[in-house]
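Engineer: Just a sequence and a predicted model for now, questions to come.
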Amino acid sequence: MTRLLDDLSGHYRAIIDGLGEDTNREGLQDTPMRAAKAMQFLTHGYQQDLGDLINNAVFESAMDEMVVVQDIELYSMCEHHILPFIGKCHIAYLPQGKVLGLSKFARIVDMYARRLQIQENLTRQIAEAIESVTDAKGVAVVIEAQHMCMMMRGVEKQNSRMKTSMMLGQFRKSQATRTEFLNLIGTNR
Ligand SMILES: Nc1nc2c(ncn2[C@@H]2O[C@H](COP(=O)(O)OP(=O)(O)OP(=O)(O)O)[C@@H](O)[C@H]2O)c(=O)[nH]1
Ligand SMILES: [Zn+2]
């Protein structure tokens, strides 16, 4: 870990130097290591393991109706520009005998968001992880996000949002199930 931080810090020093800045001026002296720590935090999902994260928080339950967890904040980094994309994640599943601890949905979102990502793959990975730990009859994930690479540079569009969805099992098979979910989260406008 320390080795990784030292390496990253050296790379940031080279970047700052490459920008024509003076890496020794007071305000920038500690910046390479700060930036390295920040980047390490923003990508800490690579160090996480799904099993450890769930920590056996899967509980027996006779509940077999739709469970929805809405508006989970999401911060990720786009793999094309290494700039943030920020938004919300909505998750639903249809349990069959097992329910997942509530906080674990947010932990799963973070585990995959805290990596270099594209929104489509992130959406799929979250859905597949929830399916694998719950054996649910169906899982649905919707992400709405704004990409800094579209806002701060490039096309510089401030109001566009990308919406992605991944429907597994019953959500994919049944239009009614999908519609119920989209109505519940209010994106079926
Ligand atoms: N589908 C998808 N595209 C993304 C995501 N994040 C960034 N991109 C896009 O990745 C593409 C990279 O295109 P390139 O032409 O190689 O890069 P670029 O010259 O920087 O592109 P511009 O952003 O158009 O200036 C751009 O269209 C980005 O908008 C994402 O999560 N999903
Ligand atoms: Zn980008």
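Structural biologist: On my side now, so go ahead. Numbering: from 1, shown residues only. Ligands and ions are numbered 1, 2, ... in the order given.
Engineer: Confirm Ala92 sits in a strand?
Structural biologist: Yes. Under DSSP: H, G, I helix; E, B strand; the rest coil, Ala92 falls within a strand.
Engineer: Residue ranges in this structure under the pLDDT threshold?
Structural biologist: Applying pLDDT under 70 to the chain flags the ranges 1, 188-189.
Engineer: 80 - rerun?
Structural biologist: For the chain, applying pLDDT under 80 flags the ranges 1, 187-189.
Engineer: name the helices or strands packed onto the helix or strand that contains Lys88?
Structural biologist: Using DSSP states H and E, Lys88 sits in strand 84-94. Counting contacts by 3 or more Cβ pairs under 8 Å, 6 or more residues apart in numbering; DSSP states H and E, strand 84-94 packs against strand 67-78, helix 102-113, helix 119-134, strand 138-147, helix 148-151, helix 170-173, helix 175-185. In this view, the C-beta of every residue, glycine as well, is placed from N, C-alpha and C.
Engineer: Direction included, what does the fourth one pair up with?
Structural biologist: Put plainly, it is strand 138-147. strand 84-94 (antiparallel), strand 162-169 (antiparallel) (DSSP bridges).
Engineer: coming back round to it: taking helix 119-134 as reference, get the angle to the strand holding Lys88.
Structural biologist: For strand 84-94 against helix 119-134, the angle by axes from the mean of the first three to the mean of the last three Cα atoms, to 10 degrees is 40 degrees.
Engineer: which ones are touching the residue nearest to the spatial centre of the chain?
Structural biologist: Centroid-nearest residue in the chain: Ala113, 2.5 Å away (criterion: Cα atoms, centre = their mean). Shown in contact with Ala113 (Cβ atoms under 8 Å, 6 or more residues apart in numbering): 45, 74-76, 122.
Engineer: Try it again at 6 Å.
Structural biologist: Counting by Cβ atoms under 6 Å, 6 or more residues apart in numbering, Ala113 makes contact with 74, 76.
Engineer: measure it to Leu53 for me?
Structural biologist: 13 Å (Cβ to Cβ, to the nearest Å).
Engineer: do Met166 as well
Structural biologist: 19 Å.
Engineer: try Leu5
Structural biologist: The gap separating Leu5 from Leu53 is 23 Å, by Cβ to Cβ.
Engineer: Could you report the neighbour count for Tyr12?
Structural biologist: 20 (other Cβ atoms under 10 Å).
Engineer: residues from the chain in reach of ligand 1?
Structural biologist: 78, 80, 118-120, 147, 149-150, 154-155 (Cβ under 6 Å from any ligand atom).
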